[in-house]
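Student: Structure of the sequence below:
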Amino acid sequence: MHRKISVLLLALAVVATFTSLAPAANMDFNNPTGTQGLIMIDKLGGFVRFFDPVSFKELSSFAIPDGPPHELAISPDHKTAYIPIYGDGVYGRNPHPGHVIAIVDLGSKKMTGTIDVSPYIAPHGLQVDAKGTLYATCDLSRKFLVIDPKTRAITAAIDTEGTGHWIAVLPDGSKAYVANKNDRLFVSVIDIKARKMIGKVDMPNGTQGITVSPDGKRVLAVDYKDPKFMVIDTATDKIVDTVAVEKNQTGPFRVKYSPDGSKLVTCDSQAGLANIINTADLHGKQTVLTVGKTPFGIAFSADSKTALVSNHGDGTISVIDLPGAKVVNTFKAGTGIETLSYY
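Tutor: Here you go, the predicted model:
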């Protein structure tokens, strides 16, 4: 009897040891991945497109009314996608701004409704939190919106003091960092619980892409002009490092962490490059790959072995083998994909 108890205790100890050594689950709901499907937002074509995540064969698509669509957020349960209808223009030239966020059921691959954010206009950056709360920036209204997707109601509209285009919400849902591009030369810091802007992180040339680390300890804000990004400590909201992005002509359009947190991938929309950076040493050797024309979006497979880069300028997707650090395939996808995600 005593021997059986000893064996049981030993087995439990072994399980506990392996559990403690296992990597923590990625709780960053705004860098989604998965094996169920692959969704792409075809901004230039005005479509939402669905692809097989293994064969990359297009399965279905539908046009977005009053589009075109731009960005994308996926609910934590991976049942719903939210897509902003920004307007018929681009940043800085959007003559007929939209005021709607499309709701897409990922199971049926169909649009099931909309969230009207009026009186606010030009919704663009979208994020979610663990409870499924939706956050949106309306750049022309200079607002950060808190939205209950169940009631489709705006519960708060917070001033950002700039034309917030993209946002990074911390995994614990406590704060948001709003990129104001070149309109205001700072990142707006929002205390989500207090429902107010609490600070600014100076960005001398403005901000392009922005993202948060999987553990929520760092936010990366890309310089709007120069090929570099700043590392913001989310505990102090201070810049603690600056990282040059090799061979790029300007600040990368986007930067994203792989699900396991081991790598960063950036896109240079002018030179058609993707850089792979090891997060263990941000100043170490970078792999620079040539992809398609005007790369915009980045998505990662669940095993962190594959990165997809959407080439907005030529309607293709570059498939990157991350362990091998090379482009292994290119396939056609719509007219011009702005962003995409596994789910």
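Student: contacts, neighbours, all on C-alpha from now
Tutor: Fine.
Student: any low-confidence regions in this structure?
Tutor: Under the criterion pLDDT under 70, the flagged ranges of the chain are 1-27.
Student: at 90 what do you get?
Tutor: The model of the chain has pLDDT under 90 over residues 1-28, 65-67, 88-95.
Student: Could I get the full set of helices for it?
Tutor: Here the chain has its helices, by DSSP state H, at 2-21.
Student: can you list the domain ranges for it.
Tutor: What automatic domain parsing lists as the domains of the chain is 27-122, 252-343.
Student: Show the contacting residues for the residue lying closest to Ile121 once chain neighbours are set aside.
Tutor: In space, and not counting its chain neighbours, Ile121 is closest to His99: 4.7 Å by C-alpha to C-alpha, 6 or more residues apart in numbering. With contacts defined as C-alpha atoms under 8 Å, 6 or more residues apart in numbering, the neighbours of His99 are 85-86, 116-123.
Student: Likewise for Pro123?
Tutor: 84-86, 98-101, 117, 136-139.
Student: if you set the cut-off to 6 Å instead, what comes out?
Tutor: Pro123 makes contact with 84, 86, 137-138 under the criterion C-alpha atoms under 6 Å, 6 or more residues apart in numbering.
Student: From Ala333, how far off is the residue lying closest to it once chain neighbours are set aside?
Tutor: Among residues not flanking Pro123 along the chain, Cys138 sits closest, at 4.1 Å (C-alpha to C-alpha, 6+ apart). With distances defined as C-alpha to C-alpha, to the nearest Å, the gap from Cys138 to Ala333 amounts to 28 Å.
Student: repeat for Lys181
Tutor: When C-alpha to C-alpha is the yardstick, Lys181 and Ala333 sit 28 Å from each other.
Student: Neighbour count for those two, which is higher?
Tutor: When neighbours are counted by other C-alpha atoms under 10 Å, Lys181 comes out ahead of the other of Lys181 and Ala333, with 27 against 23.
Student: Quick check: chain neighbours aside, which residue is closest to the more buried one?
Tutor: Distances taken as C-alpha to C-alpha, 6+ apart place Thr207 nearest to Lys181, at 4.4 Å, with adjacent residues excluded.
Student: how much space is there between the one you found and Pro65?
Tutor: Between Thr207 and Pro65 the computed distance is 30 Å (C-alpha to C-alpha).
Student: Compare the two (neighbour count), which wins?
Tutor: For the pair Thr207 and Pro65, the greater number of neighbours falls to Thr207 (30 against 11), based on other C-alpha under 10 Å.
Student: just checking, that one touches Tyr224?
Tutor: Yes. In terms of C-alpha atoms under 6 Å, Thr207 counts as a neighbour of Tyr224; the distance is 4.6 Å.
Student: Could you count how many residues lie near the closest residue to Ala280 other than its chain neighbours?
Tutor: Excluding the flanking residues, the one nearest Ala280 by C-alpha to C-alpha, 6+ apart is Ser262, at 6.9 Å. By the other C-alpha under 10 Å criterion, the neighbourhood of Ser262 contains 14 residues.
Student: ok, now Thr290?
Tutor: 16.
Student: And Ser55, by the same measure?
Tutor: Each residue near Ser55 was counted by other C-alpha under 10 Å, and the total is 7.
Student: What of Lys285?
Tutor: Close neighbours of Lys285, defined as other C-alpha under 10 Å, add up to 11.
Student: how near is it to Asp241?
Tutor: Remark: distance between Lys285 and Asp241 (C-alpha to C-alpha) = 17 Å.
Student: Pro76 too?
Tutor: For Pro76, the distance to Asp241 equals 31 Å [C-alpha to C-alpha].
Student: who's more crowded, these two?
Tutor: Set side by side, Pro76 and Asp241 show more neighbours around Pro76, with 20 against 13, by other C-alpha under 10 Å.
Student: wait, what's in contact with that one?
Tutor: Residues counted as contacts of Pro76 (C-alpha under 6 Å, 6+ apart) are Phe29.
Student: same check, this time on Val178
Tutor: Taking C-alpha under 6 Å, 6+ apart as the test, what Val178 contacts is 164, 166-167, 187-188.
Student: Please report which of these has the highest neighbour count.
Tutor: Gly164 (30 neighbours).
Student: What about that residue? Give its phi and psi, please.
Tutor: Summarising the backbone geometry of Gly164 under the convention degrees, to the nearest 10, its torsions are phi -60, psi 120.
Student: these two touch, right, it and Asp139?
Tutor: Yes. With contact taken as C-alpha under 6 Å, Gly164 and Asp139 are classed as touching, separated by 4.8 Å.
Student: The closest residue to Thr339 other than its chain neighbours and Pro32, how far apart?
Tutor: Using C-alpha to C-alpha, 6+ apart and skipping residues adjacent in sequence, the residue nearest Thr339 is Gly297, 4.3 Å away. In this structure, Gly297 and Pro32 are 13 Å apart, going by C-alpha to C-alpha.
Student: Of the two, give the one with the bigger neighbour count.
Tutor: Neighbours per residue, other C-alpha under 10 Å: of Gly297 and Pro32, the larger number sits with Gly297, 26 against 22.
Student: Would you enumerate the residues in contact with that one?
Tutor: Counting by C-alpha under 6 Å, 6+ apart, Gly297 makes contact with 309-310, 338-339.
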